[in-house]
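Visitor: Sequence isn't available, so here's the structure alone:
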DNA sequence: TTCGTCATGTAATGGGTTACATGATTAC
DNA sequence: GTAATCATGTAACCCATTACATGACGAA
């Protein structure tokens, strides 16, 4: 997860650990906090795997900063990690981090990931409904209220996902339609 | 967290590990999954601390089952863990687990916990708004959409909390009013 | 000159998971 | 008798955190 996030951010531009942490906090910070104690070791590990390499300072001579950039191997790793449509990719953080790098995926893969997430949330929804049906009388008001609220939140998540999926599908279809139009135009020209 | 949940569930009735895991999955399962690899060691640890003790099987002789019950010391531990209004008590899981045992808290403590959670969520909300304001033009559509959706979800959480707080406050006030009425009645009797 | 923030790192610890191993009981 | 589920446990690992340690640089 952290590796994916680091590679994804370094893909945009070379950065050093401290900067990386700031960017991480800014874009993913509302759900995903990283400490230096995990950031720096991960960065070193990625370097050892030659997924990233140090950019030796030019104008930046002053401060002791370890600026890293992604290597070709790092790009591969990133793509592999990002596309991996396992269980982890459907869970809260795994999904959010991947969404932040969606622009690097093909629309079809995006749809697959979105649908995986939807299935996951539908599972959570059913579990919640089941619990509500099964235990409604036996559980206390607070847990009941929590469950109802969770169910609402889950359903809202699903609606949001549905919108994302629809908009992806439009993006997949439109080029097709255009090419069909192009084919027609070509036929007419003939 | 797990200790709190185990003690809280065993407070209701004595159970063995397997049962405990089921109850855990049923009531808190939508956000909090535990594996045996962490459940059994925790149970043993609690036993070593004499927070729980084994109930020796009577009618249940057949199966090899380790049924545990909470001890007086366990009750103390539970109360202490539950009331602890630290950072962890405001975070997602910490809060939800505590909410599931809210009935064991005084209304004032409940309100304190609810307000801590609200403050926490308001912080998240501000962070999100800040990011949206700051980066709106620079970040990609997916992250933007995620952030907006997160903000909506956070605001919905806050509204829900507000309702819970209000209903707690009513419960704090009503007995006061009743006692005032009692005082008046007493005065009239005099 | 000193304070804040930039910047990097390590060691100890924590809290969990996965995979493995075992075996009893129940339902078919 | 055999498959599913009940039931307990351990060892290896993973991913992260906290606390600690260090020091450079810029601004007041």
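Guide: Ah, there it is. From a predicted model like this one, the values you see are computed outputs, not experimental measurements.

Visitor: List the contacts of the residue nearest the centre of chain A.
Guide: The residue lying closest to the centre of chain A (C-alpha atoms, centre = their mean) is residue A:98, at 1.2 Å. By C-beta atoms under 8 Å, 6 or more residues apart in numbering or on different chains, the residues touching residue A:98 are A:4, A:82, A:89, A:113. (Glycine included, C-beta is placed from N, CA and C.)

Visitor: Looking at neighbours, which among these is most surrounded?
Guide: Counting neighbours by other C-beta atoms under 10 Å in any protein chain shown, the top entry in the contacts of residue A:98 is residue A:113, with 25 neighbours.

Visitor: Point me to the helix or strand that includes that one.
Guide: Assigned by DSSP states H and E, residue A:113 belongs to helix A:107-135.

Visitor: swap in residue A:93?
Guide: Here residue A:93, judged by DSSP H and E, is contained in helix A:92-99.

Visitor: between that helix and helix B:92-100, how many degrees?
Guide: 150 degrees (axes from the mean of the first three to the mean of the last three C-alpha atoms, to 10 degrees).

Visitor: Nearest to DNA strand D among the contacts of residue A:98?
Guide: Ranked by distance to DNA strand D (C-beta to the nearest atom of the strand), these are led by residue A:4 at 9.2 Å.

Visitor: where's the closest one relative to residue A:100, distance?
Guide: 10 Å (C-beta to C-beta, to the nearest Å).

Visitor: Residue A:165 now?
Guide: Distance from residue A:165 to residue A:100, by C-beta to C-beta: 18 Å.

Visitor: quick one, which of these two is more surrounded?
Guide: residue A:100 (21 against 17).

Visitor: can I assume that one is in contact with residue A:30?
Guide: No. Contact between residue A:100 and residue A:30 fails when scored by C-beta atoms under 8 Å: they sit 11.4 Å apart.

Visitor: got a list of what residue A:113 touches?
Guide: With contact taken as C-beta under 8 Å, 6+ apart, residue A:113 is in contact with A:85, A:89, A:95, A:98, A:102, A:105.

Visitor: right, I mislabeled it, should have said residue A:5
Guide: A:24, A:28, A:32, A:34, A:97, A:100.

Visitor: Mind pulling the model confidence for the last one?
Guide: By that I understand residue A:100. We have a pLDDT of 92 for residue A:100.

Visitor: and the gap between the residue nearest to it when sequence neighbours are not counted and residue A:23?
Guide: Spatial nearest neighbour of residue A:100, chain neighbours left out: residue B:143 (4.9 Å); criterion: C-beta to C-beta, 6 or more residues apart in numbering or on different chains. Residue B:143 sits at a distance of 12 Å from residue A:23 (criterion: C-beta to C-beta).

Visitor: Now do the helices for chain A: every range, in order, please.
Guide: A:2-12, A:17-28, A:36-48, A:72-83, A:92-99, A:107-135, A:141-189 (DSSP state H).

Visitor: does chain B sit close to the fourth one?
Guide: No. Shown here: helix A:72-83 not in contact with chain B (C-beta under 8 Å from any C-beta of the partner chain), separated by at least 12.4 Å.

Visitor: where's that helix relative to the chain centroid, distance-wise?
Guide: 14 Å (C-alpha atoms, centre = their mean, to the nearest Å).

Visitor: Could I get the average pLDDT for that helix?
Guide: Rounded mean pLDDT across helix A:72-83 is 92.

Visitor: and the angle from it to helix A:92-99?
Guide: Interaxial angle, helix A:72-83 versus helix A:92-99 (the same axes, to 10 degrees): 120 degrees.

Visitor: which residues touch helix A:72-83?
Guide: Contacts of helix A:72-83 (C-beta under 8 Å, 6+ apart): A:3-4, A:7-8, A:10-11, A:46, A:49-52, A:70, A:98, A:101, A:104-105, A:109.

Visitor: Try it again at 7 Å.
Guide: A:3-4, A:7-8, A:11, A:46, A:50-52, A:98, A:101, A:104-105, A:109 (C-beta atoms under 7 Å, 6 or more residues apart in numbering or on different chains).
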